[in-house]
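build me a model:
(one chain, ligands or ions: 1)
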Amino acid sequence: MGSVDAPVTKPFLAAARGEVPSRTPVWFMRQAGRSLPEYRALRGTGSILDAIAQPEIAAEVTLQPVRRYGVDAAILFSDIVVPIHAIGFGVDVVPGRGPVVDAPFASRADLARIRPLEPEVDVPYVLETVRSVASALDPATALIGFAGAPFTVASYLIEGGPSRTFTKVKALMYREPDLWAELADRLADLSISFIRAQVNAGAQAFQLFDSWAGSLSPAEYECFALPSTKKGMAELADLDVPRILFGVGTGELLSLMATSGADVIGVDWRVPLDVATTRIGPHPLQGNLDPALCFAPRTALEEATRDVLRRGASAPGHIFNLGHGVLPETDPDTLKIVVDIVHEEGRQLAEEARS
Ligand code: 1CP
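Modelled structure (predicted):
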């Protein structure tokens, strides 16, 4: 008879649940792709949506950073526009620019272009990627699924592409609040179906990216973005996996984000994690090294990494990450330095900071 191995508690999942992990877990937003030479070699020049639709390639890209850095979680190689693309809304991801929409969402008639997602039919390749990655990962490493939050996805649909000012999306919110609410609700349903399918296929946590929520005032966030985010978190609660909510520039929104139902709140680099805890309350936190520090002298990078670890000790759980995605020009060796400091010194620095 073979011996039965004791179940491995993944450090990522322990920290996300507010338990004490065997080491401080770390992963990086946008760790898959862009900055990795092995990614560029594999991916070629086509649309990223084509790469995502090939499970063998998508699974390999998901695993590349895990092998290279020894991070505690893999993030599925996909994109926030995948579901909306899959239902035929007409979106592409243009290299060097980002998501671009041929015919932006402009009026009530456009609601007809947003039908429910049937994951097994519309995005079978994503589910195949999830299954393949989940079976390839070491038992100590978690697989994170994700989707875009309604406000951030809607911003691409309404603006037609990346925006700095969000003028069209804000104009629509104020001009036709009922239409906005319906749009946000349908986008929430897309994200809910997409995430549920990823978790059923083997993802062990999920992150809702509301990357551009920081462009909203607290009152706007509460009125226009929080209701659909709350709906998503509530409808996915039965999955019993950690739910992470992240946005950039959300310092003034953190206390509202803490009411969303998310278990873990992602924080960008502008708010130190101990300050974030005073705004958020007792939630595990994820973050928050400035991605630009990867270009600073090594001593500054190392000290900033340790500072994040000390401040993260104020939360009931800390998952180390950058404050936003890995910048494309980042030297992969620099991220490896960060991972090694987090793993070797994380727990001790946190304990010292607490005592
Ligand atoms: O073709 C390419 O290689 C271009 C770069 C790229 C990559 C690697 C894009 C285009 N998307 C992705 C993959 C991706 N997108 C992942 C993969 C996994 C990982 O994190 O390692 C994830 C999680 C996303 C999610 C995503 N897409 C977000 C939320 C995260 C964030 O960075 O805030 C957003 C806002 C997008 C839109 C998007 N897709 C791509 C770009 C360049 C952008 C941003 C454009 C903009 O500035 O508005």
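
ok, then the element right after the top helix by length along the chain?
Longest helix in the chain by number of residues, with DSSP state H as the criterion: helix 177-201. On the C-terminal side of helix 177-201, the nearest following helix or strand under DSSP states H and E is strand 205-209.

show me what the longest helix of the chain is packed against.
helix 82-86, helix 119-122, helix 124-136, strand 142-148, helix 150-159, helix 167-175, strand 205-209, helix 226-235 (3 or more Cβ pairs under 8 Å, 6 or more residues apart in numbering; DSSP states H and E). All C-beta atoms are positioned from the backbone trio N, CA, C, and that covers glycine.

now it against helix 226-235, angle please.
Counting by axes from the mean of the first three to the mean of the last three Cα atoms, to 10 degrees, helix 177-201 lies at 30 degrees to helix 226-235.

helix 177-201 to helix 167-175, inter-axis angle?
Going by the same axes, to 10 degrees, helix 177-201 makes 120 degrees with helix 167-175.

and helix 177-201, what's buried?
Of the residues in helix 177-201, those buried by neighbour count under the rule 16 or more other Cβ atoms under 10 Å are 179-181, 183-184, 186-199, 201.

next: stretch 160-177.
Of all the residues in stretch 160-177, those buried under the rule 16+ other Cβ under 10 Å are 160, 166, 168-170, 172-173.

now it, how far from the chain's geometric center?
From the chain centre to the centre of stretch 160-177 is a distance of 23 Å (Cα atoms, centre = their mean, to the nearest Å).

where does the protein dip in pLDDT?
By pLDDT under 70, the weakly predicted segments of the chain are 1-6.

got the residues of it near the ligand?
Contact residues (Cβ under 6 Å from any ligand atom) of the chain with the ligand: 29-34, 48, 75, 77, 79-80, 93, 95, 98-99, 146, 152, 162, 209, 211, 325.

and which of the buried residues of stretch 160-177 is nearest Leu254?
Phe166 (19.8 Å; Cβ to Cβ).

got the contact list for that closest one?
155, 159, 212, 215 (Cβ atoms under 8 Å, 6 or more residues apart in numbering).

swap in 10 Å and give it another go.
Contact analysis of Phe166 by Cβ atoms under 10 Å, 6 or more residues apart in numbering lists 151, 154-155, 158-159, 173, 212, 215-216.

repeat for Phe151
Residues in contact with Phe151 (Cβ under 10 Å, 6+ apart) are 166, 169, 173, 180, 184, 187, 210-213, 215-216, 220-221, 224-226, 228-229, 247.

try 7 Å
By Cβ atoms under 7 Å, 6 or more residues apart in numbering, the residues touching Phe151 are 210, 212-213, 224-225.

if any of those are buried, put those into a PyMOL selection.
Buried residues among those (16+ other Cβ under 10 Å), as a PyMOL selection:
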select buried, resi 210+212+213+224+225
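
cool, thanks, talk later.
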